[in-house]
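Asker: Structure for the following, please:
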Amino acid sequence: MCTAPGEYAWSSYHANALGRHEPRLRLHRAFSALGATDEARRLAYRALAAAGIPDELRDALTLHTRQQKPWGSDRFRREIEVLTGRSLEVRPAGRPRRSAGNGT
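Answerer: Below is the predicted model:
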């Protein structure tokens, strides 16, 4: 979609990293924990955004999104499975491999 979070018009990056007022957003406690002052929090947030996320987390998020499955802890996924009554297991792409001796 974008190469940087600030390029996306609907991102909260503008409020969190740059301090732009956005009345629809509420201060999140994780953001509050980033520093003692507004400027310290914004600086820490910009550093986090610049660092990005590790490749394995990005790949997991991409896989879950492509399969329209929730991304979160095992507990979270189990709770959603119970609520929806459907399996939310993420599976590898493609058909299952044939196993030797099963006649297929």
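Asker: ok, now how distant is R86 from A17?
Answerer: Distance, R86 to A17, by Cβ to Cβ, to the nearest Å: 37 Å. Every residue, glycine included, has its C-beta placed from N, CA and C.
Asker: quick one, domains of the chain?
Answerer: The record's domain split for the chain, according to automatic domain parsing, is 10-51, 55-84.
Asker: what mean pLDDT does the shortest one have?
Answerer: The predicted model gives domain 55-84 an average pLDDT of 90.
Asker: centre of the chain versus stretch 1-16, how much separation?
Answerer: Offset of stretch 1-16 from its chain centre (Cα atoms, centre = their mean, to the nearest Å): 14 Å.
Asker: Between its first and last residues, how far does it reach?
Answerer: With Cα to Cα, to the nearest Å as the measure, the ends of stretch 1-16 fall 20 Å from one another.
Asker: Any chance of TSV for the domains of the chain, columns distance to C2 and mean neighbour count?
Answerer: What follows is these, written out as TSV (distance: least, Cβ to Cβ, whole Å; neighbours: other Cβ atoms under 10 Å):
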stretch	distance to C2	mean neighbour count
domain 10-51	8	13
domain 55-84	14	12
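Asker: right, and the ones you listed - which one's nearest P96?
Answerer: Across the domains of the chain, P96 has its closest neighbour in domain 55-84 (15.0 Å, Cβ to Cβ).
Asker: What's the end-to-end length of that closest one?
Answerer: One end of domain 55-84 sits 30 Å from the other (Cα to Cα).
Asker: Thanks a lot, see you next time.
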